[in-house]
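In: I would like to see how this sequence folds:
(2 chains)
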2 protein chains.
Amino acid sequence: MFDFTIHASCGAARTGTLRLPHGAVETPVFMPVGTQGTVRALSPGDLKAVGSQLVLANTYHLHVRPGERVVDRLGGLHRFMGWDRPLLTDSGGFQVFSLAGFRRVDDDGVEFQSHVDGGRRHLTPERATEIQWTLGADIAMAFDHVVPGGADETTARDALERTLRWLERCAKRHRELSDGRTVGQSDGQRLPVRPSDGPTVPQTLWPILQGGTHLGLREEGLRRILDLGAWTGLAIGGLSVGEPKPVMYEMLEGLEPRLPPSWPRYLMGVGFPEDLVTAVERGLDLFDCVAPTRNGRNGSAFTPDGPVNIRNAEHRDDARPLDATCDCETCATFSRGYLRHLFVAEELLGLRLLSLHNVRFLIRLTREMGAAIRAGTFPRWAAEWRRRYTRSD
Amino acid sequence: MFDFTIHASCGAARTGTLRLPHGAVETPVFMPVGTQGTVRALSPGDLKAVGSQLVLANTYHLHVRPGERVVDRLGGLHRFMGWDRPLLTDSGGFQVFSLAGFRRVDDDGVEFQSHVDGGRRHLTPERATEIQWTLGADIAMAFDHVVPGGADETTARDALERTLRWLERCAKRHRELSDGRTVGQSDGQRLPVRPSDGPTVPQTLWPILQGGTHLGLREEGLRRILDLGAWTGLAIGGLSVGEPKPVMYEMLEGLEPRLPPSWPRYLMGVGFPEDLVTAVERGLDLFDCVAPTRNGRNGSAFTPDGPVNIRNAEHRDDARPLDATCDCETCATFSRGYLRHLFVAEELLGLRLLSLHNVRFLIRLTREMGAAIRAGTFPRWAAEWRRRYTRSD
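Out: The predicted model follows:
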């Protein structure tokens, strides 16, 4: 369990299989984001239809509403959201540090304000680990301190050190929970075993590498994470948070030779199609982003020829599909003219159909990359893909 | 084509098959309403999954946006909305007379204000017929003058007389179009043949009986519609428009013995589950209503034990399905607690899941009625159904 097998590589790019309690995941893989226990506008059936293998849910949002105790009473996160394939929960760190409102950080944890009711809440590494244990995803993430893209080295160093201290506490609590020890847990209540699967289904915990846009810090952080033990995977956090894209790529390029080759590598919060291609080139394996669903709800669709805004008047009478190369329900069934009508008439179906297509687009993109890696043609494939995607007609 | 075969009856209630160009429809039948060429929050795939046989689309809305010429260029209404089963279009009369805004009626037709851009528009019986011909539904409706539920006899008489005069003009234009004659059409452009099917697919036109809540007027209107020819079906309009429910039932009861037994009977704009049962008892066969989707979007779900408001706090931890007797995706997959979470968290999936269930509920209701009619047990079935549906726990 939690094995990662690499089948082929081409330059730094790799394709492999990650075995998780709820199923195997082929990489590179894009995870749709189910912030509140639902990928916005899509059903679990839709997600399966477009080939989603792994879905991300947000610990912060589910903790605030409906609360992990409710999710627990309704059978755990898998049963709650009707998704029987693998799940990953983030730790809440990103939300706590990026959502607006009151926030006070000390070494114990973070006090913050709920975006739902404005009430004060407190998260510690131990609580974040326990909440994720209760939710019961296949992969839990360590609680981290995220700094904005432009943070200076002192700020980034401070957050990195805190993240590393918190990682040890997360790992300790996660070991206790995995061993069935619940004594001393931080909210003083009996911690429920995960009811959707029973106590025997394992969960793994992945560390998150911080360090801002300072490669030296990132390299040091990586060494110290490796020193802490043999993890089953590694996430790179704190990128795609406002820094220029070339800076993100520079971080990835600098880190790649130092990453343990055999671990799956998860680039958090990325991405757009062009980011996925560039990150796979730099040896990354897992990705998540709200872009396909958020952009879809705004009428923006990914196509091999670049983004299309379906609201544009040019699509009014257009009988062609959104993306002639795509096999999703949206492209197989409906014309651009109809999709434009749905957006102009503010019909709910439009939000769903573009979200569905955009998720399918990213999943097909990861599969095409996997095929090109296996065929040993990834650099040429990537160059051709970029030429078409960025060409303006 | 357009045959209606009655398989069984029980009292006034009947069950039968209506043959239409895009397929056969078993009655009693409930039509989901696709106002703007989409049943709100549901896809064609969803509609098939819940057993929809026939869908209604609104001529007024599609004429105003995107316009029937756009629908025509995109392949006709069936292809436009991705629905290959039978369609029925209303005539626009109801919307023209019930939507807010400027309106001027004379014998030629109605001038009114578009709800989209405020612009002046003009509909005549001929135009309404031509628009529906271009849209290409299996069943088109005659253009009618609808009066509010409380209209006095003089007002109702005036609207009835106008509706009857307009019916003759609709029928004349519909015959011309069916015969391939397009000369003299009212907007001066070449009228397109229906491109989704080619010119050989027939369309039928059904008259609408008006007369307000005045049974004498309704009886006279019915006689005069019968005198005009042998229609393939008959609609009863101008009910469920503000009058008390017992008055609607009284109209249906008074008309039933006078309706030609062999024609399918369509009660427009009805209904709620209890209305469907009562109307089938009074010999009605077809129904449409926005209730299942509109109520679903408001968090109100039909169940055999009466409506449930899923937002209520009592559902927070409830692991049971919305309706334990139901086979829809919503009830097969999700708990009441999860559905409540979706509504409280304002997630789009909630709108869809409750709409889906409510449509399935009405379709299962019509099928259960059909089975009880065939079994000769409809009165007992209806009494038991009502007892359970109206019992307050």
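In: would you mind listing what in chain A touches chain B?
Out: Contacts of chain A with chain B, taken as C-beta under 8 Å from any C-beta of the partner chain, map to A:36-38, A:40-45, A:65-66, A:70, A:73-75, A:79-82, A:316-317, A:319, A:329, A:333-335, A:337-338, A:341-342, A:344-345, A:347-349, A:351-353. For the C-beta atoms, the positions are set from N, CA and C on the backbone; glycine is no exception.
In: sketch out the low-pLDDT regions of chain A for me.
Out: Residues of chain A that meet the criterion pLDDT under 70 lie in A:182-200, A:392-393.
In: most distant residue from the middle of it?
Out: Here chain A reaches farthest from its C-alpha mean at A:Asp317, the gap being 37.1 Å by C-alpha atoms, centre = their mean.
In: apart from its neighbours in sequence, what residue is nearest that one?
Out: Nearest residue to A:Asp317, sequence neighbours excluded (C-beta to C-beta, 6 or more residues apart in numbering or on different chains): B:Arg73, at 4.7 Å.
In: over to A:Val71?
Out: Per C-beta to C-beta, 6+ apart, closest to A:Val71 is A:Phe80, 4.9 Å.
In: that neighbour and B:Thr333 touch, don't they?
Out: No: taking contacts as C-beta atoms under 8 Å, A:Phe80 lies outside contact range of B:Thr333: 10.8 Å.
In: so the two - more neighbours on which side?
Out: A:Phe80 (27 against 17; other C-beta atoms under 10 Å in any protein chain shown).
In: look at the more buried one and tell me its secondary structure.
Out: helix (DSSP: H, G, I helix; E, B strand; the rest coil).
In: for the residue nearest to A:Asp317, list the residues it contacts.
Out: Listed by C-beta atoms under 8 Å, 6 or more residues apart in numbering or on different chains, the contact partners of B:Arg73 are A:317, A:319, A:337.
In: isn't the first one up against B:Leu74?
Out: Yes: using C-beta under 8 Å, A:Asp317 makes contact with B:Leu74 at a distance of 6.8 Å.
In: overlap in contacts of these two?
Out: Common neighbours of A:Asp317 and B:Leu74 (C-beta under 8 Å, 6+ apart) are A:Gly337.
In: so what's the spatially closest residue to A:Leu259 that is not a sequence neighbour bridging to?
Out: Among residues not flanking A:Leu259 along the chain, A:Arg265 sits closest, at 5.9 Å (C-beta to C-beta, 6+ apart). Beta bridges link A:Arg265 to A:Leu234 when assigned by DSSP bridges.
In: now A:Arg265: how far from B:Arg388?
Out: Between A:Arg265 and B:Arg388 the distance is 57 Å, computed by C-beta to C-beta, to the nearest Å.
In: these two: which is more packed in?
Out: A:Arg265 (27 against 11).
In: which residues touch the residue nearest to A:Leu259?
Out: So A:Arg265 contacts A:233-236, A:259, A:283-286 (C-beta under 8 Å, 6+ apart).
In: need those in CSV (columns: distance to B:Val201 and neighbour count).
Out: Listed next are the contacts of A:Arg265 as CSV, based on distance: C-beta to C-beta, whole Å; neighbours: other C-beta atoms under 10 Å in any protein chain shown:
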residue, distance to B:Val201, neighbour count
A:Gly233, 58, 21
A:Leu234, 61, 21
A:Ala235, 57, 25
A:Ile236, 58, 26
A:Leu259, 62, 19
A:Gly283, 57, 20
A:Leu284, 54, 27
A:Asp285, 53, 25
A:Leu286, 51, 27
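In: count the neighbours of the residue nearest to A:Arg65 when sequence neighbours are not counted for me.
Out: Leaving aside its chain neighbours, A:Arg65 sits nearest to A:Val116 (5.1 Å; criterion: C-beta to C-beta, 6+ apart). A:Val116 sits with 12 neighbouring residues when counted by other C-beta under 10 Å.
In: now the residue in the stretch 151-300 of chain A that chain B sits nearest to: how far from A:Leu351?
Out: In the stretch 151-300 of chain A, no residue comes nearer to chain B than A:Arg297, which is 8.3 Å away by C-beta to the nearest C-beta. Distance of A:Arg297 to A:Leu351, computed by C-beta to C-beta: 5 Å.
In: and the two? which has more neighbours close in?
Out: Set A:Arg297 next to A:Leu351 and count neighbours by other C-beta under 10 Å: A:Leu351 wins out with 22 against 19.
In: give me phi/psi at that one?
Out: phi -60, psi -40 (degrees, to the nearest 10).
In: can you check A:Leu267 too?
Out: phi -100, psi 110.
In: quick check: it touching A:Ala279?
Out: Yes: A:Leu267 is within contact range of A:Ala279, at 5.2 Å (criterion: C-beta under 8 Å).
In: which neighbours do the two share?
Out: A:252, A:287.
In: list the contacts for the nearest residue to A:Thr27 once chain neighbours are set aside?
Out: Closest residue in space to A:Thr27, ignoring its immediate chain neighbours: A:Asp285 at 4.2 Å, by C-beta to C-beta, 6+ apart. Neighbouring residues of A:Asp285 by C-beta under 8 Å, 6+ apart: A:14, A:16, A:18, A:27-29, A:264-266.
In: find the centremost residue of chain A, please.
Out: Computing the C-alpha centroid of chain A and ranking residues by C-alpha atoms, centre = their mean puts A:Asp288 first, at 2.9 Å.
In: so what's that residue bridging to?
Out: A:Met31.
In: any idea how chain A splits into domains?
Out: Following automatic domain parsing, one gets these domains for chain A: A:4-289, A:299-390.
In: could these go into JSON lines alongside distance to B:Thr59?
Out: Shown next, in JSON lines, are the domains of chain A (distance: least, C-beta to C-beta, whole Å):
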{"stretch": "domain A:4-289", "distance to B:Thr59": "29"}
{"stretch": "domain A:299-390", "distance to B:Thr59": "15"}
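In: wait, which of the ones you listed is closest to B:His174?
Out: Proximity to B:His174 (C-beta to C-beta) singles out domain A:299-390 among the domains of chain A, at 26.3 Å.
In: that closest one spans what distance, first to last residue?
Out: Start-to-end span of domain A:299-390 (C-alpha to C-alpha, to the nearest Å) is 19 Å.
In: from the residues of chain A next to chain B, which land in helices?
Out: A:44-45, A:70, A:73, A:79-81, A:329, A:333, A:337-338, A:341-342, A:344, A:348-349, A:351-353 (DSSP state H).
In: got a list of what the residue of the stretch 151-300 of chain A closest to chain B touches?
Out: A:Arg297 makes contact with A:40-41, A:351, A:354-355 under the criterion C-beta under 8 Å, 6+ apart.
In: B:Arg364: which of these is nearest?
Out: Using C-beta to C-beta, the contacts of A:Arg297 come closest to B:Arg364 at A:Ala41, 26.2 Å.
In: do you know how far the residue nearest to A:Leu259 is from A:Val29?
Out: 11 Å.
In: shared neighbours, those two?
Out: The contact lists of A:Arg265 and A:Val29 share A:285-286, where a contact means C-beta under 8 Å, 6+ apart.
In: hmm, A:Ala49 is touching A:Thr330, no?
Out: No: in this structure, A:Ala49 is not within contact of A:Thr330 by C-beta under 8 Å, at 10.7 Å.
In: so which of these two has more stuff around it?
Out: A:Thr330 (27 against 16).
In: quick one: the more buried one and A:Ser355 touch, right?
Out: No: A:Thr330 is not in contact with A:Ser355 according to C-beta under 8 Å; the separation is 9.1 Å.
In: list the contacts for A:Trp166?
Out: A:125, A:142-145.
In: A:Tyr338 now?
Out: Neighbour list for A:Tyr338: B:37, B:74, B:80-82 [criterion: C-beta under 8 Å, 6+ apart].
In: could you single out the nearest of the contacts of A:Asp285 to B:Asp158?
Out: B:Asp158 has its nearest neighbour among the contacts of A:Asp285 in A:Val29, at 67.7 Å by C-beta to C-beta.
In: isn't that closest one right next to A:Gln53, touching?
Out: Yes: the criterion here is C-beta under 8 Å, and A:Val29 meets it with A:Gln53 at 5.7 Å.
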